[in-house]
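Trainee: what follows is a predicted protein model with its sequence.
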Amino acid sequence: MLTTYLWLTIISMGVVTFIIRLSFIVAWGKFEMPPLLRRSLRYVPPAVLAAIILPELLRPNNSPLDLSWGNARWIAGLVAALLAWRTRNALLTILIGMIVFWVLQVMIKV
Amino acid sequence: MSPLNFDTEIFINRSSFFSGIRAQLPILLGVAPFGMIYGALARSAGLPPEIAQAMSSIVFAGSSQFIATTLFRESAPFIVIVLTTFVVNLRHALYSASLAPYVASLSLRWKLLVSYLLTDEGYAVGILRYRSLSSPSGRGAGGEETQHDYYLGSALALWTTWQLSTALGVFFGAQVPASWGLDFALPITFIAIMIPTLSDRPSALAAVVAAVVALAAHDLSYKLGLILAALSGITAGLIAEQFMSHRIETVEKVNGSQG
C-alpha cells in the first residue's frame, strides 16, 4: 500500500470525525439537529455492525454463502452472540468466541 | 469565566482534574484490551506500524478504526473508507449537541480540544458532571466552575490509554502468526459491541435488514455494500419506529374511547 495514500486516508478520517464532534459545540445556538437525523443515529450502530459482522462470518474471503459445519466462523460467531446476549460481558464474549473458533478450526482440520 | 487569558479558563482546579481521571479508571480497564486488539489487527491487515499508531492519535474513535482496518485489508478505495467513517462516527454529533450548552462560554481553542477528545466513554463520564453543574458537587472549594477540568481529566486519561494500548498491540501483533486467525477477533469484537445495541424491535430490525443487504451486496465493487446495507438498516429502523408508534397511538385511542 502506498504510504502517502494511507496518510491521506487517515488524516481525512480524522478531519471528518473532528468536524462531527465539533459541529454542535461550535455552532451552539445557530442551528438545531434535524429531528430525522437525531432519530436515525440510534440505528447507526446496530446497522453498521451487523453489516460488517455477517459477511465476515458467512462469506469469508468473498466465498458464496457458507452455512456448513466446515465453516468455524459462523458457529463461533453464534456462540459469541448468545454469550454477549446472556452475559453482556464484552471481554468474556471475545475470549470465549476466539477459543471456540480455535478449537473448531483444529477439529475441522483433523 | 476568567477574562484574564486562555490558560485560566481550564486547569484551575487540579483536584477536579484528578477526580475526572479516577472516574474514568474502571472504563480504562475495558478500553485497553480493545486498543491492543486494534493495534494487532491493524498490523495483521498490513498497515505499517506508524500508520496504525497515527490512526489512534488522528482519528481517536475505536469502532471506526476497527472498521477502517477491515476496509484497508480489502483494499477499499479512499472515498469509501472516509464515507464509512463519517456514517459510523455520526453518533458523535449527538454528544456534541448534548455538550454544547455546557461549553458555550469557553474560547474556541478549548472548544477544539474538548471536541477532539469527544468519545463515547469521555462523553459518558463527562456529561454526568456537566449535568450536576448547578449542584454543589459541580463546583470547587472556591466556588469556581471545575467541570471542564473534570472532563479533560477523564478524556485525557482515555486518550493516553488508547495511545499506549495501541502501541502495545502494534508491537506484539507483529509477533502473532497468521495461522492463529487473529483477524477473527474483529467480527467477535463487533458482536460483543452490537448485541447490547439491539435494545428494541426497531434496532433489531435495523440489524437484520442491514445484515441481509450486506450478505447480498457483498460482491458490489469498492465495498459499497457496507454503506448500502447500513443505510437500508437505518431506514428499516426508522420505518419500524414510525409504524410501532402509530400502533401504540391507535391502541391508546381505542382503549381511551372504551374507557
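Mentor: Now that the structure is in, tell me what you want to look at.
Trainee: what's around the residue of chain B found nearest chain A, how many residues?
Mentor: With CB to the nearest CB, the shortest gap between chain B and chain A falls at B:Gly233, namely 2.8 Å. C-beta coordinates here come from the backbone N, C-alpha and C atoms, glycine included. Neighbour count for B:Gly233, taken as other CB atoms under 10 Å in any protein chain shown: 29.
Trainee: please report how far it lies from A:Ser40.
Mentor: 10 Å (CB to CB, to the nearest Å).
Trainee: residue closest to the middle of chain A?
Mentor: With distances taken as CA atoms, centre = their mean, A:Leu49 lies nearest the centre of chain A, 3.9 Å away.
Trainee: spatially, what comes nearest to that one if we skip its sequence neighbours?
Mentor: B:Met194 (3.8 Å; CB to CB, 6 or more residues apart in numbering or on different chains).
Trainee: correct me if wrong: that neighbour contacts B:Val208.
Mentor: No - here B:Met194 lies out of contact with B:Val208, judged by CB atoms under 8 Å, at a distance of 11.7 Å.
Trainee: which stretches of the stretch 1-150 of chain B aren't confidently modelled?
Mentor: Low-confidence segments of the stretch 1-150 of chain B (pLDDT under 70): B:1-12, B:133-144.
Trainee: ranges for the helices of it?
Mentor: Using DSSP state H, counting those that start in this stretch, the helices of the stretch 1-150 of chain B run over B:14-44, B:49-58, B:62-73, B:78-89, B:92-103, B:108-116, B:120-131, B:147-173.
Trainee: as CSV, these with mean neighbour count and distance to A:Trp28 would be great.
Mentor: Output for the helices of the stretch 1-150 of chain B, formatted as CSV (neighbours: other CB atoms under 10 Å in any protein chain shown; distance: least, CB to CB, whole Å):
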stretch, mean neighbour count, distance to A:Trp28
helix B:14-44, 19, 22
helix B:49-58, 20, 25
helix B:62-73, 23, 25
helix B:78-89, 20, 20
helix B:92-103, 20, 4
helix B:108-116, 17, 9
helix B:120-131, 20, 13
helix B:147-173, 22, 15
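Trainee: those helices: which one's closest to A:Asp66?
Mentor: When the helices of the stretch 1-150 of chain B are compared by CB to CB, helix B:62-73 sits nearest A:Asp66, at 18.3 Å.
Trainee: just want the angle from the closest one to helix B:120-131.
Mentor: On the basis of axes from the mean of the first three to the mean of the last three CA atoms, to 10 degrees, helix B:62-73 is oriented at 160 degrees to helix B:120-131.
Trainee: what packs against helix B:62-73?
Mentor: Here helix B:62-73 touches helix A:3-26, helix A:44-58, helix B:14-44, helix B:49-58, helix B:78-89, helix B:185-194, going by 3 or more CB pairs under 8 Å, 6 or more residues apart in numbering or on different chains; DSSP states H and E.
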